[in-house]
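In: just need the structure, nothing else, for what follows:
(one chain, ligands or ions: 3)
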Amino acid sequence: MKSFYIETFGCQMNVHDSEKVIGTLMQRGYNQVETADHADLVLFNTCSIRDKAEQKVFNRLQHHKKGGAKQVVGLLGCVAQQEGEKVFERAPHVSLVVGSASYTKLPELLVRIEQGERRVTGLSLDTDETFETPLTRRDNPFRAFLTIIEGCDKSCAYCVVPYTRGPERSRTLASVLDEVKKLVDTGYTEITLLGQNVNSYRDPSATQANFAQLLAAVGQVPGIRRVRFTTSHPRDFTKDIIDAIDDVPTLCNHIHLPVQSGSTRILEAMQRQYSIDQYMQRIEWMKNARRKMAITTDLIVGFPGETEAEFQETLNLMDVVGYDGIFSFKYSPRPNTPALHMVDAVPEEEKGRRLLRLVEHQRTILIRNNAAYVGSVEEVHVEYFNNATGQWVGKSMQHKTVNFTHPEGPSARLEGTYLDVLVTRSGVASLVGEAMEEAVAV
Ligand code: SAH
Ligand code: SF4
Ligand code: F3S
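Out: Ligands and ions are numbered 1, 2, ... in the order given. This next block holds a predicted model:
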């Protein structure tokens, strides 16, 4: 039996792609091992969203000592697609380079590798297929990822994704629902729907269901208790998504809506296709939802030409929205993107200062937001017992981390269950509380 080792970098889409790649390999008789040393096949599933992410991949590749002459080393994911055949020059020990738009061809590419071919690539972006596998090796026993749409048709000026993942293509509603049902049968109760822009989902079959309709359908599959989704794009975010969340209690009241900047001028330069007024319209819908919504976002500081005043607009927006979480990044110039040639670069040190101010600002917002939960009861989907703190750890419906005590401590065996927790304290990163009742078996 052949063995393989895989290491994954990057976003949740990549993590889930790896789960499907692992399933594909297992179906071909490969056996997964925990270290690269003696594996027959070593795969790196890579990310190139920022320069640092790409450097990390090449450092890792350089440090990987080939385990024997017969070991095959392969590069998957966004760096593979971006660098293509050039990878063979930069890292001569690599013999397989495959972008995510070619994973459907993996079985045939593997055959060629097994037959001893030295340089095999899968780099076409010209596809309308989605990567669906008979076997998927899911890592998390409680929460399952499920990709509903691949690729991206936007062209944000700073972003590599359209070039690394290709054009948008949606899975059929029937195939999504079929997989959700199978997941329920194997014990999953929480699903995270994935896509670079889930809001532009459109069933390619006759139903032509849109994202809100898909969401409602997934949320109503018997046995499903929580549905999350990421990522939304403000331009394509429609009111019917909020209506679906209002109507279907299993749809989580948390929305990740990346804004990138609080300045309409910068948004235009970024080619984001919405203004702050339009973004705020979406936020209004959320604020008027039946349940209180948690809202999170992504922010980029130091985009070319960003002035201090425009950066201030981002800080102001953070106050107005009151985000429950942010992912913030220093702008990183990327190959092939329009922003690469923009002038007026913000100096690296200034980017660093803005990032720090942003993070500090978010701390104060989070302290305020989280304090409002003290005294409330949150349903927690429990993940594990933290021996260091003596607390159980899980997530609320709004995706807040909740640490809580239970009279039986670790012997309560709460993993994977849902239970109500009374919130007694709050911090920047989490809520703290006490279990209210016996765990509900699932
Ligand atoms: N499709 C999603 C996520 C894209 S990547 C979306 O549109 O929101 C995740 C985040 O990385 C982006 O939201 C953006 O904030 C950040 N990002 C992308 N390219 C970047 C770059 N060149 N420099 C810095 N941050 C970047
Ligand atoms: Fe990148 Fe924009 Fe597509 Fe998101 S929507 S993946 S930021 S191009
Ligand atoms: Fe990275 Fe590709 Fe995801 S660039 S963030 S792995 S889409």
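In: what helix or strand is the residue of the chain most remote from its centre on?
Out: For the chain, the largest distance from the centre (CA atoms, centre = their mean) belongs to Ala69, which lies 35.9 Å off. Under DSSP states H and E, no helix or strand contains Ala69.
In: ok, now the one 5 residues further on?
Out: In the assignment (DSSP H and E), Gly74 maps to strand 72-76.
In: which other helices and strands does that strand contact?
Out: For strand 72-76, the elements it packs on are helix 12-27, strand 41-46, helix 51-63, strand 94-98, judged by 3 or more CB pairs under 8 Å, 6 or more residues apart in numbering; DSSP states H and E. C-betas here are computed from N, CA, C, even on glycine.
In: highest average neighbour count across those?
Out: strand 41-46 (a mean of 25; mean count of other CB atoms under 10 Å).
In: returning to what we had before: is the strand holding Gly74 in proximity to ligand 3?
Out: No - between strand 72-76 and ligand 3, judged by CB under 6 Å from any ligand atom, nothing touches; the nearest distance is 9.9 Å.
In: so that strand versus strand 94-98, what angle?
Out: Interaxial angle of strand 72-76 relative to strand 94-98 (axes from the mean of the first three to the mean of the last three CA atoms, to 10 degrees): 30 degrees.
In: now do the contacts for the residue farthest from the centre of the chain.
Out: Not one residue lies near Ala69 by CB atoms under 8 Å, 6 or more residues apart in numbering.
In: of all the helices and strands packed on strand 72-76, which one comes closest to Glu306?
Out: helix 51-63 (18.0 Å; CB to CB).
In: in this structure Gln260 contacts Arg272, no?
Out: Yes - under the criterion of CB atoms under 8 Å, Gln260 makes contact with Arg272 at 6.1 Å.
In: now for the two: what residues contact both?
Out: The contact lists of Gln260 and Arg272 share Cys156, where a contact means CB under 8 Å, 6+ apart.
In: need the helices and strands packed on strand 72-76 in JSON lines with distance to Ala339 and mean pLDDT, can you?
Out: JSON lines is the format used below for those (distance: least, CB to CB, whole Å; pLDDT from 0 to 100):
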{"stretch": "helix 12-27", "distance to Ala339": "22", "mean pLDDT": "97"}
{"stretch": "strand 41-46", "distance to Ala339": "21", "mean pLDDT": "97"}
{"stretch": "helix 51-63", "distance to Ala339": "13", "mean pLDDT": "94"}
{"stretch": "strand 94-98", "distance to Ala339": "26", "mean pLDDT": "97"}
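In: residue ranges with poor pLDDT in this protein?
Out: Scanning the chain for pLDDT under 70 picks out 437-442.
In: quick check: what element follows the lengthiest helix in it along the chain?
Out: In the chain, taking DSSP state H as the definition, the longest helix is helix 348-371. Per DSSP H and E, the first helix or strand lying C-terminal to helix 348-371 is strand 377-386.
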